[in-house]
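Engineer: next input, structure requested:
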Amino acid sequence: MMCGLQGSGKTTTTGKLAKYLIGKGHHPLLAAADLQRPAAVEQLRVLGEQVGVPVYKDDTKIAPHGQVAKGASIAVARAAVAQAKSTGRDVVILDTAGRLAIDQELMDELKEINTQIKPHQIYLVLDSMTGQDAVESARRFNEQLELDGLILTKLDSDTRGGALLSAKMVTGKPVKFLGTGEKLDGLEEFRPEGMAQRILGMGDIVGLVSEAMEKFDAEETAKLQEKMEKGNFTLDDFMAQLSQVRKLGPMGKVMGMIPGMSELTKQIGQNEGAVESQMNHMRAIYDSMTRDERKKPDVLDGGRRRRIARGAGVELNEVGQFMKQFEASRDMMRAVGGMGMGGKLKMMKALMGGGLSNMGMPGGPMLKTKRSGWMEPKDRNKKRKRR
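Structural biologist: Residues are numbered from 1 along each chain as shown. As a prediction, this is how the structure comes out:
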């Protein structure tokens, strides 16, 4: 049973949870038990279509002006469970009613569903942007329902999710999932270590690797590994790699999981929209090339680059930047491919232990501001000279 106030992302999270369960081999069914808002029933129907799961709804139970008949939500929930059993669905997710604020009518309805239907798990969906208001909501819901877990949404916003610490302390219930963005794959299992690192601005590289292992195409990754070993890395490989990265979700989320990168993007003025726009431009440039140009990018002279820029609708210098990014990736792939096992282990140790700066790449702790306690390399040199 999914509970939460209006605006917390409860219905969207219901759809995300269904997609998550499909990935774990389950066959969920969604139940539109939020009869207070006809829009919520329609939203769940659309989400069900997008995820590819059935949605049980009963339009006759939706009364005008929000005056829902007593017991209507229970009837919908009971019918949904019966349909799930008859159609081989092993999980039913109940999207229950929400309010702009907690009131006794809402709590009585949720308690009645709990008593009659006896859901195995009751999750409270909280908006991480509401701060201490989310903590108070968690306390009051838990007093009435005895929650089994918390789901925090909108973790891709400016907030770092510190409210979940208070919500956990107030309820004594575990945080089960974290929601990011509007896309239906934006739900991840809660990892305490990763969340602590995000709150401290240290990223969550373990979480990023785990997500990459789930979403990257194993066959494509194996092909890339083979090409790296041979020292071959083409423009087609570069774009395939870019497509793989985009599967991880919004770039703002991905950058925030890489140690030091969230700080770097702030310093250079990048935001999620700018990163997404840049990646779209890269795709447009690639699509504007001929097949021969993609195979042999070294043939790109000034005339060809101007034609590509016009075709992609970008500035000429963006084509040059795109080629530099490809060449840098190609050089790195060739270097990694030529390493022995010892060299690769050394590289992994440097990445995991000291951040990206140890590899001569931007984004490590040395790029933090002086105000946060770190100094740029140039400043350190000046300090040594004074001594």
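
Engineer: tell me, how many residues neighbour the closest residue to residue 305 other than its chain neighbours?
Structural biologist: The shortest distance from residue 305 to any non-neighbouring residue, by Cβ to Cβ, 6 or more residues apart in numbering, is to residue 319 (4.7 Å). For every residue, glycine as well, the C-beta is placed using N, CA and C. Applying other Cβ atoms under 10 Å, we find 23 residues neighbouring residue 319.

Engineer: which residues does residue 319 contact?
Structural biologist: Residue 319 sits next to 285, 300, 305, 308, 309, 312 when contact means Cβ atoms under 8 Å, 6 or more residues apart in numbering.

Engineer: and the gap between residue 288 and residue 137?
Structural biologist: Note on residue 288: its distance to residue 137, by Cβ to Cβ, to the nearest Å, is 51 Å.

Engineer: what do you get for residue 187?
Structural biologist: 20 Å.

Engineer: residue 327 too?
Structural biologist: 52 Å.

Engineer: give me the more crowded residue out of these two.
Structural biologist: Taking other Cβ under 10 Å, residue 327 and residue 137 do not tie; residue 137 has more neighbours (23 against 15).

Engineer: what's the helix or strand containing the more buried one packed up against?
Structural biologist: Following DSSP states H and E, the helix or strand that holds residue 137 is helix 132-145. Under the contact criterion of 3 or more Cβ pairs under 8 Å, 6 or more residues apart in numbering; DSSP states H and E, helix 132-145 touches helix 104-117, strand 123-127, helix 163-171.

Engineer: dump these to CSV, plus mean neighbour count, distance to residue 8 and mean pLDDT.
Structural biologist: CSV is the format used below for those (neighbours: other Cβ atoms under 10 Å; distance: least, Cβ to Cβ, whole Å; pLDDT from 0 to 100):
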stretch, mean neighbour count, distance to residue 8, mean pLDDT
helix 104-117, 16, 13, 90
strand 123-127, 26, 4, 91
helix 163-171, 18, 12, 78
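
Engineer: out of these, flag the one nearest residue 49.
Structural biologist: strand 123-127 (21.3 Å; Cβ to Cβ).

Engineer: the closest one packs against which elements?
Structural biologist: When contacts are defined as 3+ Cβ pairs under 8 Å, 6+ apart, strand 123-127 packs onto strand 2-3, helix 132-145, strand 149-153, helix 163-171, strand 175-179.

Engineer: just for the chain, where's the confidence low?
Structural biologist: 63-67, 131, 156-164, 193-231, 245-275, 333-387 (pLDDT under 70).

Engineer: ok, longest helix in it?
Structural biologist: Criterion DSSP state H: the longest helix present in the chain is helix 316-337.

Engineer: using CSV, write out the CA atom coordinates for that helix.
Structural biologist: Taking Å, rounded to 0.1, in the frame of the first residue of the first chain, the C-alpha atoms of helix 316-337 are listed here in CSV:
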residue,chain,number,x,y,z
LEU,A,316,31.4,25.2,-36.3
ASN,A,317,33.5,25.2,-33.1
GLU,A,318,31.2,22.6,-31.5
VAL,A,319,32.2,20.1,-34.3
GLY,A,320,35.8,20.7,-33.3
GLN,A,321,35.0,20.2,-29.6
PHE,A,322,33.2,17.0,-30.4
MET,A,323,36.2,15.6,-32.3
LYS,A,324,38.5,16.5,-29.4
GLN,A,325,36.2,14.7,-26.9
PHE,A,326,36.3,11.6,-29.2
GLU,A,327,40.0,11.7,-29.6
ALA,A,328,40.5,12.0,-25.8
SER,A,329,38.3,9.0,-25.2
ARG,A,330,40.0,7.1,-28.0
ASP,A,331,43.5,7.8,-26.5
MET,A,332,42.3,6.7,-23.0
MET,A,333,40.7,3.5,-24.3
ARG,A,334,43.9,2.6,-26.2
ALA,A,335,45.9,3.3,-23.1
VAL,A,336,43.7,1.1,-20.9
GLY,A,337,43.6,-1.6,-23.6
